[in-house]
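Q: Fold the following and give me the result.
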Amino acid sequence: MADYVYPQEPELAMKYGELARRLTLRTRVEIPKEWKWRYCRRCKSFLYPGINAKVRVREKRFPHLVIRCEICGSIRRMPYIKEKKLRRVAGIG
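A: Predicted structure coming up:
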């Protein structure tokens, strides 16, 4: 929900993101991996690429995504070697 609301109402989207995070903590439900990277680990804010987060693909050392929170400046690196390997095995791309 926060993903769709963010371009029009950023503050409301932040509240939705915080509410979703608190619900997962309270009910002990795990956030899906495709949504887990959308939260900053330091300031716990909802990250919207291009507005309050920068997402870059880097090839140094190992192929990885660099996600930088523009609110607190924290950096998160996520390797994507497994994804490339899975695509190669599946014959996609």
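
Q: What segments of the protein are helices?
A: Using DSSP state H, the helices of the chain run over 2-5, 10-27, 33-36, 81-90.

Q: Remind me what the second one packs against, helices and strands.
A: When you say that, I think you mean helix 10-27. helix 2-5 (3 or more CB pairs under 8 Å, 6 or more residues apart in numbering; DSSP states H and E). Placement of C-beta: from N, CA and C, glycine included.

Q: pLDDT averaged over the helix it packs on, what's the number?
A: What helix 2-5 shows for mean pLDDT is 72.

Q: One more: stretch 62-69?
A: 90.

Q: same check, this time on stretch 78-93
A: 68.

Q: Next: stretch 39-49.
A: Averaging pLDDT residue by residue across stretch 39-49 gives 86.

Q: how far is it from where the chain is centred?
A: 7 Å (CA atoms, centre = their mean, to the nearest Å).

Q: what sits up against it?
A: Contact with stretch 39-49 is made by 2-3, 6, 10, 13-14, 16-18, 21, 31, 37-38, 52-53, 55, 67, 69, 71-72, 74, 76, as judged by CB atoms under 8 Å, 6 or more residues apart in numbering.

Q: For it, list every residue counted as buried.
A: Within stretch 39-49, the residues that qualify as buried by neighbour count (16 or more other CB atoms under 10 Å) are 39-40, 45-48.

Q: repeat for stretch 58-65
A: The neighbour-count check on stretch 58-65 (16+ other CB under 10 Å) flags His64 as buried.
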